[in-house]
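In: Have a look; sequence and predicted model below, questions after that.
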Amino acid sequence: MRNQIFIRRGLALSSLLVCGFGCGGDDSKGDEVGDTSATSDTSATSDSQGESASETGSSSSDSSSTATDSSSSSDTATDTSSDTATDTTSDTTSDTATDTTTDTATDTTTDTTTDGCVPTEMVEVTCDMIDNDCDDVIDNVDVGNDGICDCLSIGILGATGFAPNANFEAWLEDQGSAVQRTLLANNPGVVTPAFLAQYDLVLIDRIERALSPEEAAAIEAFVKDDGRGMITLIGYNFDNNNPGPERDRANTVLAPFGLAYQGGYIQTAANVTPTFNQAHPVSMGIVDVNFRGGIIPVDNGNQGMSTIFATVPSGDAGLAHETAMDGGRVVVWGDEWITFDSDWLGYADVQQFWVQMVGWAKPQDFCGSPQ
């Protein structure tokens, strides 16, 4: 800046010297025309005026108009624009732009991070798809502290098994979850993205028909893309002891995930209590659950990560599958007795087993802490 002032002073002094030798003392008419076009001082007759204009960064000193003596208005306007733009850019950029950018960016980031969520409930009690208590989990409501989120919407696909299961469905509803059963027999094409959108978790019960390719694709997107959950059951034996038909129907649901039920019925002679993996969230603490006449679950596709969490003497009984790329989860249970009233009354851990299966398979960013 100091160098600019010295240069401008030099230019102003040179202009005065030129004018002193080359301009007539009475030739005011030419100066007045030039000065009026530039809209600056009326004449460059003193060093103090030239220096003052240069030092304060005014719109182009009179050096150009005085030096040319009879310069046109267009020349003067060009000089004025050049000088003004240079001074303004230098001062504004260094002072104003830097301060504004620094202050605004810092303040905005701090406010958003600190005050982005304002709690409206100390303990969340409202199912509204909002994180009301600011704990980074949406609708984690469990008023009865029963382990099942009150905001879950569960869809059951297929018919019931051979034994009554009123206790199971009533229990799900009593926990606050919305439960709806949809029969697939004589109901072609019912499983669509729009149909599934109302649910957070689907339970595949005794499906009476195979899914169409479009329905299977809708289930796949429901879990893999939307991050929702699914639990499947098997072993209903409605086809004269032939496992093939029900196994193949169930596998139309599981195939998009590289999963399947494989082989025939196992443990058909008597009830058996599976051995549970005590390290997995689905089976931790579970001991007393019945298994009889089921089918082994397998992972043939390696599309995600699968863990066997329960076994019986004849093979694997339960598989927990996490889809790749942070998608949803699937529990493949190799039996159906855990839905029957008889097992709810006769085995101690059936209810807690359902709590843990639902809690693990449900969407992980919704309705409870992730597992």
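Out: Perfect, thanks for sending it. Numbering: from 1, shown residues only.
In: from here on, contacts and neighbour counts on C-alpha atoms
Out: Will do.
In: For residue 273, give me phi and psi.
Out: The phi and psi values for residue 273, taken as degrees, to the nearest 10, are phi -100, psi 120.
In: actually residue 214, not the one I typed
Out: Main-chain torsions, residue 214, degrees, to the nearest 10: phi -70, psi -40.
In: got a list of what it touches?
Out: Residue 214 makes contact with 189, 192 under the criterion Cα atoms under 8 Å, 6 or more residues apart in numbering.
In: Would you quantify the distance from it to residue 189?
Out: As judged by Cα to Cα, to the nearest Å, residue 214 and residue 189 stand 8 Å apart.
In: ok, now residue 198?
Out: Counting by Cα to Cα - residue 198 and residue 189 are separated by 16 Å.
In: With residue 354 instead?
Out: 29 Å.
In: okay, now residue 318: neighbour count?
Out: 26 (other Cα atoms under 10 Å).
In: My reading is that it lies in a strand. Confirm?
Out: Yes: Residue 318 sits within a strand when classified using DSSP: H, G, I helix; E, B strand; the rest coil.
In: got the contact list for it?
Out: Contact analysis of residue 318 by Cα under 8 Å, 6+ apart lists 296, 297, 308, 309, 310, 311, 331, 332, 333, 334.
In: surely residue 185 meets residue 210?
Out: No: counting by Cα atoms under 8 Å, residue 185 sits too far from residue 210 to count as a contact (9.6 Å).
In: Looking at these two, which one has more neighbours?
Out: Counting neighbours by other Cα under 10 Å for residue 185 and for residue 210 shows that residue 210 has the greater number, 20 against 12.
In: For residue 193, give me the backbone phi and psi.
Out: Dihedral pair for residue 193: phi -60, psi -40, per degrees, to the nearest 10.
In: isn't it right next to residue 223, touching?
Out: No: counting by Cα under 8 Å, residue 193 stays clear of residue 223, with 11.0 Å between them.
In: So for these two, which sits in the more crowded spot?
Out: residue 223 (25 against 16).
In: Who are the contact partners of that one?
Out: 229, 230, 323, 327, 328, 329.
In: how is the chain carved up into domains?
Out: According to automatic domain parsing, the chain comprises the domains 2-91, 153-361.
In: average pLDDT across the shortest one?
Out: Mean per-residue pLDDT for domain 2-91: 38.
In: Shouldn't residue 264 be within a strand?
Out: Yes: Residue 264: assigned to a strand according to three-state DSSP.
In: if I read this right, it contacts residue 315, doesn't it?
Out: No: checked against Cα under 8 Å, the pair residue 264 and residue 315 is beyond contact range at 11.2 Å.
In: what does stretch 145-154 rub up against?
Out: By Cα under 8 Å, 6+ apart, the residues outside stretch 145-154 that reach it are 127, 139-143, 175-180, 198-203, 355-356, 358-359, 367-368.
In: Convert the C-alpha atoms of that stretch to CSV, please.
Out: Output of stretch 145-154 as CSV, limited to C-alpha atoms (Å, rounded to 0.1, in the frame of the first residue of the first chain):
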residue,chain,number,x,y,z
ASN,A,145,-40.5,-52.1,29.5
ASP,A,146,-41.3,-55.5,27.9
GLY,A,147,-38.5,-55.4,25.4
ILE,A,148,-40.7,-54.9,22.3
CYS,A,149,-40.8,-51.4,20.8
ASP,A,150,-44.3,-50.0,21.0
CYS,A,151,-43.9,-48.2,17.6
LEU,A,152,-43.2,-51.3,15.5
SER,A,153,-45.5,-52.3,12.7
ILE,A,154,-45.3,-56.0,12.0
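In: Buried ones in it, by neighbour count?
Out: 147, 148, 149, 150, 151, 152, 153, 154 (16 or more other Cα atoms under 10 Å).
In: Out of those, flag the one nearest to residue 283.
Out: Set against residue 283, the nearest of these by Cα to Cα is residue 147 (14.4 Å).
In: Just the pLDDT for the closest one.
Out: 69.
In: same deal with residue 171?
Out: Residue 171 carries a pLDDT value of 85.
In: I am assuming residue 219 contacts residue 253, so please confirm or correct that.
Out: Yes: counting by Cα under 8 Å, residue 219 touches residue 253, with 7.3 Å between them.
In: pLDDT score assigned to the nearest residue to residue 191 once chain neighbours are set aside?
Out: Spatially, and ignoring its direct neighbours in sequence, residue 191 is nearest to residue 215 (5.1 Å; Cα to Cα, 6 or more residues apart in numbering). As predicted, residue 215 sits at a pLDDT of 98.
In: before we move on, which element is residue 215 in?
Out: helix 213-224 (DSSP states H and E).
In: which parts of that helix are buried?
Out: Going by neighbour count (16+ other Cα under 10 Å), the buried part of helix 213-224 is 215, 216, 217, 218, 219, 220, 221, 222, 223, 224.
In: Tabulate these in CSV, adding columns for distance to residue 119.
Out: Output for the buried residues of helix 213-224, formatted as CSV (distance: Cα to Cα, whole Å):
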residue, distance to residue 119
215, 40
216, 40
217, 39
218, 36
219, 35
220, 35
221, 33
222, 31
223, 30
224, 31
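In: Residue 288: which of those residues is nearest?
Out: Among the buried residues of helix 213-224, and counting by Cα to Cα, the member closest to residue 288 is residue 223, at 29.7 Å.
In: where's the closest one relative to residue 363, distance?
Out: 9 Å.
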